[in-house]
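S.K.: Here is a sequence with its predicted model. Questions after.
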Amino acid sequence: LIIAACGSASPTSTSAPPASPLPAATATLPPTPTAPPLAAAVNGQPILLSDYETEVARFEAGAASLGRDLSQEGDYRARVLEALIDKALILQAAAAGLAVSDTDVQAAYDQAVAARGGQEAFNAWLAANLYTADQFRAELRDGILISTVQSQVAANVPLEADQAHARQILLATPEDADRALADLAAGADFATLAVERSLDQSSKVNGGDLGWFPQSGLTAQDVTDAAFGLEPGQTSGAIHTALGYHIVQTLERGAHPLSPTSLSLLRRQAVESWRTELRANAVIEKFLP
């Protein structure tokens, strides 16, 4: 029996074991993060929808604190978005070569705290305006950058420009203008007529003298154009604007130092033109309905 048993022993199997009835474990990949929704993109830089909604809430809180009726504010949500787009464009331009030190930011922060009566009152202001302290510091940093780059643009305006020195008589009706022109033609003194008849209270006391001004220096552009179109000593006909009927006489023309008012105006215009150019050359995508 032992011999028989040994002789009938089967060889060891080398086949694979039977399959397990349980499914094999599979490797699981982490879920792909969902991109946060955007309000807009400026040259590929996102403006998060959450940031936009926070700015809208800040606007609404500010209006409420001032007692303003939001129903009278027009499409303020669109204006908030446009302001965020402008901010992104200017910061992109400033990033080319400007930086703000932590010391400057902290100084501005300390000034803001002092202006609101101390840390406790400032903390209440931060909460009412939906800021953390770090968020407000970031806003200060952005504000300093924006102010610096715009000041650089404004500084490029020269202190001297081609200007006209002129005076005017402003009248209410075409008949009044015709009478004044007839009197001038008959030899009446321009300055005397301006004192007697002009409706422009700011210039009549000086005989209608408007001073020196650049080509965009007056409210009524038609008056500016007339002054620059005349030779020194020449007088225009009646020029109709929304203000009335102007008679303009050019006294001098040429390069002249800009007055503080004219310089400020030209600097504002330079900054606005620069911002318009930034927009014209930008790729702006808006995702709001």
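M.R.: Received it, and whenever you're ready, just let me know what you need.

S.K.: how about the helices of the stretch 51-200 of the chain, start to end?
M.R.: For the stretch 51-200 of the chain, applying DSSP state H, counting those that start in this stretch gives helices covering 76-94, 102-115, 119-128, 133-155, 174-185, 190-197.

S.K.: Out of those, the one nearest F287 is which?
M.R.: Proximity to F287 (CB to CB) singles out helix 76-94 among those, at 10.0 Å. (Each C-beta comes from the backbone N, C-alpha and C, glycine too.)

S.K.: could you dump the helices of the stretch 51-200 of the chain to JSON lines with mean neighbour count and mean pLDDT?
M.R.: Output for the helices of the stretch 51-200 of the chain, formatted as JSON lines (neighbours: other CB atoms under 10 Å; pLDDT from 0 to 100):
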{"stretch": "helix 76-94", "mean neighbour count": "17", "mean pLDDT": "96"}
{"stretch": "helix 102-115", "mean neighbour count": "13", "mean pLDDT": "96"}
{"stretch": "helix 119-128", "mean neighbour count": "14", "mean pLDDT": "94"}
{"stretch": "helix 133-155", "mean neighbour count": "16", "mean pLDDT": "95"}
{"stretch": "helix 174-185", "mean neighbour count": "15", "mean pLDDT": "97"}
{"stretch": "helix 190-197", "mean neighbour count": "18", "mean pLDDT": "97"}
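
S.K.: E272 is nearest to which of the ones you listed?
M.R.: Using CB to CB, these put helix 133-155 closest to E272, at 9.7 Å.

S.K.: chain center to the closest one, what's the gap?
M.R.: From the chain centre to the centre of helix 133-155 is a distance of 12 Å (CA atoms, centre = their mean, to the nearest Å).

S.K.: Quick check: V271 vs R58, distance?
M.R.: Here the criterion is CB to CB, to the nearest Å. By it, V271 lies 24 Å from R58.

S.K.: Next: V113.
M.R.: 19 Å.

S.K.: that older thread, Serialize the helices of the stretch 51-200 of the chain to CSV and add fields for distance to R68.
M.R.: Output for the helices of the stretch 51-200 of the chain, formatted as CSV (distance: least, CB to CB, whole Å):
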stretch, distance to R68
helix 76-94, 10
helix 102-115, 22
helix 119-128, 15
helix 133-155, 22
helix 174-185, 42
helix 190-197, 42
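
S.K.: Just give me the residue closest to the centre of this protein.
M.R.: D86 (5.4 Å; CA atoms, centre = their mean).

S.K.: For the residue nearest to that one when sequence neighbours are not counted, give me its contacts.
M.R.: Excluding its sequence neighbours, the residue lying closest to D86 (CB to CB, 6 or more residues apart in numbering) is R275, at 6.5 Å. Contacts were defined as CB atoms under 8 Å, 6 or more residues apart in numbering; by that measure R275 touches 86, 89-90.

S.K.: what about 10 Å?
M.R.: Neighbouring residues of R275 by CB atoms under 10 Å, 6 or more residues apart in numbering: 86, 89-90, 93, 150, 153.

S.K.: do L263 as well
M.R.: 154, 157-161, 214, 257.

S.K.: Throw together a ChimeraX command that grabs the buried residues out of these.
M.R.: Burial among these is assessed by 16 or more other CB atoms under 10 Å; the matching ChimeraX selection reads:
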select :154,157,161,214
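
S.K.: Just the ones of the contacts of L263 in strands?
M.R.: 160-161, 257 (DSSP state E).

S.K.: Is A161 bridged to anything, and to what?
M.R.: H256 (DSSP bridges).

S.K.: looking at it, it is touching S262, isn't it?
M.R.: Yes. The criterion here is CB atoms under 10 Å, and A161 meets it with S262 at 7.8 Å.

S.K.: what sits in contact with each of the two?
M.R.: Common contacts of A161 and S262, defined by CB under 10 Å, 6+ apart, comprise 212-214, 216-217, 256.

S.K.: Is it possible to mark the buried ones in the residues you listed?
M.R.: 212-214, 217, 256.

S.K.: Where is pLDDT lowest across those?
M.R.: On pLDDT alone, G217 ranks lowest of those, at 83.

S.K.: Need the three-state assignment for the closest residue to that one other than its chain neighbours.
M.R.: The spatial neighbour of G217 that comes closest, neighbours along the chain excluded (CB to CB, 6+ apart), is S262 at 5.1 Å. Under DSSP: H, G, I helix; E, B strand; the rest coil, S262 falls in the helix class.

S.K.: do the same with T34
M.R.: Relying on three-state DSSP, one would call T34 coil.
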